[in-house]
Structure formats: structure tokens, C-alpha cells
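[1] I'll drop the sequence and a predicted model, then ask my questions.
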Amino acid sequence: QSVLTQPPSVSAAPGQRVTISCSGSNSNIGNNDVSWYHQLPGTAPKLLIYDDNKRPSGVPDRFSGSKSGTSATLAITGLQAADEATFYCAAWDASLSAVMFGGGTKLTV
Amino acid sequence: QVQLVQSGAEVKKPGASVKVSCTASGYTFINYDITWVRQAAGQGLEWVGWMNPNSGNTGYAQKFKGRVILTRDTSISTAYMELRSLTSEDTAIYYCSRTGPGRRIVPLPVEYWGQGTQVSVSS
């Protein structure tokens, strides 16, 4: 059971908007930056969002991140079939001195 | 461009040890932390530990403490993860990765990932 809680799966139609939640605590999300990763089957994860809401170069602005209190949210607009992947949130946990990953959310478009 | 190239797949017997290498290129090796993450088949990402290649300082997930050692050879820009007393539950893909963008206080976010190394433990 992960310290960061994500829904196991979400789905939406092409063109629509979907959100993925990541719930934690004050020792992790509440006081540390959140990053998001997406992973296609058989490939390494890729950084999607960092420092709660920043996008690395090359990541479309259809992807956005936000945080409120001890929860973070990844939003994807204009869904495309190519967006189908598993998404993970991550944050540093100061109490455990460890990196925490969420359990992952599989997106179906 | 930044690249992290890992050593090849390993097959080990229970109780044995495995050492995975991660050779970095395209940046100054000592300037960014290296983080190790593993993923069992069909499962999520699990953090193993991190290392500061400049100081050699390390941090490990509680479940791996005493069983994993992270080291580096700065002369060849290579990081190593050694995992001992293997069991079937250690069967997974092990990824090395680099923090960024920019210098970080904690080993997140992970900006670059290696291709992964499959470690299989079976009698």
C-alpha cells in the first residue's frame, strides 16, 4: 500500500478532460514538491510535471499540475489515444527521508 | 544529450547478490543525484535509494536498508547498485535515474531515466 494514494484507473473519451488525484500527508505532499511521471508499457517512466506545476520542455500544455494542501492533481485536456499510459505521482517524505511514489493510475482513452 | 546506460539483464539464485551499473554521459556526473527505482512485473514504481555522486552520501528506503549498497566511480561516471540476499520478490526491472531539472536538495524530481535492467531471481 503506497503512502501516496492514486485511483487505480480513470477513463475518458478523446478530446475530453481528465484529472488524476494524488493524496498524501503533511510529511510529503503538504510540504514538498510533487512530480508526475507517465509510463508506456515496456518503457522507462518519463517526467511530465515537476515542482507541482512546471512542465519540462517538450511536454505539451495539455498537461498541467496543481496542488492544494496534502493533495495534488494532474489534469490532461484534449485527450488523445496516445495519452493512454500509467501515471505516477511522487514526493519526498521528510518523516521517512524517502521518495514516495503513488500506486499509479492507468488512463484509458 | 544526457544518457544513462545500464548493464544487462541478470539471472540470480536466491541468496545471491547482484550489482547493476549505470554509466552517465552528456553532463557532469558529480553535479546531480542518482536515484534507483525498481518495478516488478505489472506493479508500480518502488524507490530503492539515492546517492550524491560528489560526496558519496546515500539514502535508502527502509525496506532495503542493510541489503543494498549504492556506490560510484567518478573517474568513469558510473553508479552502482548492489543488492544482497536476493529472494524471488526482488525480481524486477531496476532503473537508475538522475535528478533535475537543476540542482536539487532532495532526490526528486527524476528528469532522466536509464533503460532499466531486468533482475530475475529463481532457483
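    It's in. Numbers count the residues shown, from 1 in each chain, chains lettered A, B, ... in the order given.

[2] For the helix or strand where B:Val5 lies, C-alpha coordinates in CSV please.
    Assigned by DSSP states H and E, B:Val5 belongs to strand B:3-6. Extracted C-alpha coordinates of strand B:3-6, given in CSV (Å, rounded to 0.1, in the frame of the first residue of the first chain):
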residue,chain,number,x,y,z
GLN,B,3,22.2,9.4,-21.3
LEU,B,4,22.1,6.7,-18.6
VAL,B,5,23.1,3.3,-19.8
GLN,B,6,22.6,0.4,-17.6
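
[3] Packing partners of it?
    Secondary-structure packing of strand B:3-6 (3 or more CB pairs under 8 Å, 6 or more residues apart in numbering or on different chains; DSSP states H and E): strand B:18-25, strand B:92-99, strand B:110-113. For glycine as for every other residue, the C-beta is placed from the backbone atoms N, C-alpha and C.

[4] what mean pLDDT does the shortest one have?
    Predicted confidence along strand B:110-113 averages 97 (mean pLDDT).

[5] Quick one: distance of it to the chain centre.
    12 Å (CA atoms, centre = their mean, to the nearest Å).

[6] picking that back up, give me the next element, helix or strand, following the strand holding B:Val5.
    Next along the chain from strand B:3-6, counting by DSSP H and E, comes strand B:10-12.

[7] Strand partners (parallel or antiparallel) of that next one?
    Strand B:10-12 has these partner strands in its sheet, going by DSSP bridges: strand B:117-121 (parallel).

[8] how about the strand it pairs with: buried residues?
    B:117, B:119, B:121 (16 or more other CB atoms under 10 Å in any protein chain shown).
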